[in-house]
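Engineer: Pasting a predicted model and its sequence here:
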Amino acid sequence: MQLLICGGTGCRASESNVLKDNLEKELKKRNLQDDVQVVETGCFGFCEKGPIVKVLPDNTFYTEVTPEDAERIVGEHLVKGRQVTDLLYTDPEKKEKIADSKHMDFYKKQIRIALRNCGFIDPENIDDYIARDGYQALGKVITEMTPEEAINEIKESGLRGRGGGGFPAGLKWELTRKSQADQKYVVCNADEGDPGAFMDRSILEGDAHSVLEAMAICGYCTDASKGLIYIRAEYPLAINRLKKSIEQAREYGLLGDNIFGTGFNFDVELRYGAGAFVCGEETALIHSMEGERGEPTVKPPYPSVSGYKGKPTTVNNVETYANVPVIINKGAKWFASIGTDNSKGTKVFALAGKVNNVGLIEVPMGTTLREVIFDIGGGVKDGKKFKSVQTGGPSGGCLTEKHLDTPIDYDNLIASGSMMGSGGMIVMDEDDCMVSVAKYYLDFTVEESCGKCSPCRIGNKRLYEILDKITKGEGTHEDLDKLRNLSNVIMDASLCGLGQTSPNPVMSTMDNFWDEYIAHVEKQECPAGQCKDLLRYEVVPENCVGCTACARNCPVNCISGERKQVHEIDQSVCIKCGACYEKCKFNAIRIV
Amino acid sequence: MGKVKSLDDLKKMKEEVQSRINLREKSDHPENQVQVKVAMATCGIASGAKEIMDYFINELDKRNIDAIVTQTGCMGYCYAEPTVEITLPGKEPVVFGYVDTKKADEIIEEYIKKGELIDGIIPVTYKTIDE
């Protein structure tokens, strides 16, 4: 028997490491340590209900397991063969317990290619990876294929960059291959910076070897002998597992000199990023690795011609690499059979926001937003109404109800006014104000703009200021025109992808939620009740019984009134925190 | 383990380490495997189910039969313990009662290997809620 425990950052934050120790202790107490293996794996994706424990071979899937539950899992399930029912997942709609993860809606519609080993192997043990055909693709490519054949395979698979841009990966490799130089580099972009996105982190934490293997394959295809992984320093667990994986691969001779006895040399080193969003842009990333300021430069020259230290460099994202070994093993045709006409394979999304099943999912390209949000995601939290879904992070846009049945792929998302991005997906409900959402993303962009070019540095700041004015009820129709014009200028004139896409949240919310902008400007109202400056909390005299609950909870003491008398709110002092509204049991506080 | 010097080395190594994850891969498709469930509730264990379970695990391994051996709870046939439920791929589960090592040997040789029914089958007297 085996117990698989999620050791991803999410579950660790909920003490899955303590749980693992406790399970091992309990097993030892009962002298079962030789019969039952405890394996710490990467992310299962179902982070909403973490920590996750999976019992094999009966496939029982326990959710929200605390360290104290270890005794029951061992004592009840392992010894007596009785499932611990209160730890099983409850289907939110049918209200029934589901023991086997295969029967959960969350997993039913997923196809796991990039995440194939996450939540399955022990990421700190190379043998687990090898047992899952690990490094076979590398062996096959180096010993049986020419670089051109391997590049062709990737080209034919239709694999496109998973970091957001969607550039065909095989073509990128070919361009680097064609550049002549004494030294070339393979770079893995692990500078994942979109708010709410954690796809790359989970892959590196759960299956780092697949990225190393793919980088070596890329190295062989492009004549590069050095690989560099640019990873943000905020990902300590991913860094730790990468380091261990690199060491193990070196020990086995799968990295280093003379790999598979063919004379091919390849080694990988880590470079740490300090968490600047712009460093996810490939030229800025390369400058940062060189020790320069993390600022982008004009392309061309592309990195495939002049990259790290001026040498030809292939830069791909973590998820892109994670797909490569599977394509080599199963063939380009197999991969190309999944997905839509121009977007092949699957995409990993980090599902977040007001959705029931927050977590990491992988679906075939062409799956609709509705399937992702309502079938896999389990619908909007607390039975509220769906309003919008934000894809593509600060570079993406907000899609609405009418886009729900659009199949997700690179081109459809761009046509709808958003983009694939790296795969963050944030669900919003009726309580979210779209002007504030646009403002939030602009706040992020202003903070993260490197400041090199003025459209981005100054333009985004002005966009933010106009949005701020609108949320305060001081906006005019002229401001709305300015927003649009300025957005167009920033998109046209900015140097890199950050500025070229930063007005997207503004544009898409204006296109899809024009009414809300108008309500803010014309009526000084926030339909979602979010913009504090446009709100007023009032006492409803008919309902107020004078219980004093509101006055006692008001942090600024602006509510006055005697016991059993109608209370009153002093609007000049009120900070609109909403504490009175939440505490009142008699519906005697209303928002106007 | 030494260094991987060729693709063949890697393939050999994969064979060696395959058993580490066999269990996990099989659990993803239990319907294609022979499944052996040993009732290991108090009644079963008291009648020697643990030995039967060990016997199945070791013998199936020795005889090179790919199977998943799991424990399960009380099936309700406490009078006939130890009980074992065998599911061959594509077939309905069959429950055997009063299983000792001799019977277990017979089950492996006759039913699991050849698909021939033998004495000791308990007729199923209930329906599960899935049906």
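Structural biologist: Yep, that arrived.
Engineer: Now find how far off-centre the top helix by length along chain B is within its chain.
Structural biologist: Assignment by DSSP state H gives helix B:7-28 as the longest helix of chain B. Averaging C-alpha positions (Cα atoms, centre = their mean, to the nearest Å) puts helix B:7-28 20 Å from its chain's average.
Engineer: before we move on, what about stretch B:104-121?
Structural biologist: 12 Å.
Engineer: one step back: on contacts alone, who are the packing partners of the next helix or strand after the longest helix of chain B?
Structural biologist: Reading on from helix B:7-28 to the C-terminus, the next helix or strand found by DSSP states H and E is strand B:34-39. Applying 3 or more Cβ pairs under 8 Å, 6 or more residues apart in numbering or on different chains; DSSP states H and E, one finds that strand B:34-39 contacts helix B:49-62, strand B:67-72, strand B:84-87. C-betas here are computed from N, CA, C, even on glycine.
Engineer: that older thread, on contacts alone, who are the packing partners of the longest helix of chain B?
Structural biologist: Applying 3+ Cβ pairs under 8 Å, 6+ apart, one finds that helix B:7-28 makes contact with strand A:2-6, strand A:53-56, helix A:126-131, helix A:136-144, strand B:67-72.
Engineer: May I see the ones you listed organised as TSV, with distance to A:Thr548 and mean neighbour count added?
Structural biologist: What follows is these, written out as TSV (distance: least, Cβ to Cβ, whole Å; neighbours: other Cβ atoms under 10 Å in any protein chain shown):
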stretch	distance to A:Thr548	mean neighbour count
strand A:2-6	47	23
strand A:53-56	47	24
helix A:126-131	62	24
helix A:136-144	70	20
strand B:67-72	59	21
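Engineer: thinking again about what came up before, let's have the helices and strands packed on strand B:34-39 in JSON lines, adding distance to A:Gly421 and mean pLDDT.
Structural biologist: Listed next are the helices and strands packed on strand B:34-39 as JSON lines, based on distance: least, Cβ to Cβ, whole Å; pLDDT from 0 to 100:
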{"stretch": "helix B:49-62", "distance to A:Gly421": "49", "mean pLDDT": "88"}
{"stretch": "strand B:67-72", "distance to A:Gly421": "41", "mean pLDDT": "80"}
{"stretch": "strand B:84-87", "distance to A:Gly421": "46", "mean pLDDT": "88"}
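Engineer: which one is the residue positioned nearest the centre of chain B nearest to, not counting chain neighbours?
Structural biologist: Central residue of chain B (Cα atoms, centre = their mean): B:Val36, 2.6 Å from the mean position. Computed as Cβ to Cβ, 6 or more residues apart in numbering or on different chains, the closest residue to B:Val36 that is not its neighbour in sequence is B:Val69, at 4.6 Å.
Engineer: Identify the residues contacting that neighbour.
Structural biologist: A:57, B:36-38, B:53, B:56-57, B:60 (Cβ atoms under 8 Å, 6 or more residues apart in numbering or on different chains).
Engineer: Mark which of those are buried, thanks.
Structural biologist: Buried by 16 or more other Cβ atoms under 10 Å in any protein chain shown: A:57, B:36-38, B:53, B:56, B:60, out of the contacts of B:Val69.
Engineer: out of the residues you listed, which one sits closest to A:Met428?
Structural biologist: Closest to A:Met428 out of the buried ones among the contacts of B:Val69 is A:Pro57 (41.0 Å), distances taken as Cβ to Cβ.
Engineer: Please report how far B:Lys113 lies from chain A.
Structural biologist: Distance, B:Lys113 to chain A, using Cβ to the nearest Cβ, to the nearest Å: 21 Å.
Engineer: Relative to A:Val74, which of the helices and strands packed on helix B:7-28 is closest?
Structural biologist: Checking these against A:Val74 by Cβ to Cβ gives strand A:2-6 as the closest, at 8.8 Å.
Engineer: thinking again about what came up before, quick one, the longest helix of chain B and strand B:67-72 angle?
Structural biologist: 40 degrees (axes from the mean of the first three to the mean of the last three Cα atoms, to 10 degrees).
Engineer: How many residues are close by residue 80?
Structural biologist: This is for chain A. Look at A:Lys80: counted by other Cβ atoms under 10 Å in any protein chain shown, it has 17 neighbours.
Engineer: My question was about chain B, not that one.
Structural biologist: The number of residues packed near B:Ala80 is 19, by other Cβ under 10 Å.
Engineer: How about the secondary structure of the closest residue to chain B within the stretch 351-500 of chain A?
Structural biologist: Of all residues in the stretch 351-500 of chain A, A:Glu362 sits closest to chain B, at 15.4 Å by Cβ to the nearest Cβ. Assigned with DSSP: H, G, I helix; E, B strand; the rest coil, A:Glu362 falls in the strand class.
Engineer: swap in B:Tyr79?
Structural biologist: Applying three-state DSSP: B:Tyr79 is helix.
Engineer: Just the local confidence number for it, please.
Structural biologist: pLDDT for B:Tyr79: 76.
Engineer: Now do it: how many residues are near it, please.
Structural biologist: With other Cβ under 10 Å as criterion, B:Tyr79 counts 10.
Engineer: what's near enough to touch it?
Structural biologist: Contacts of B:Tyr79 by Cβ under 8 Å, 6+ apart: none found.
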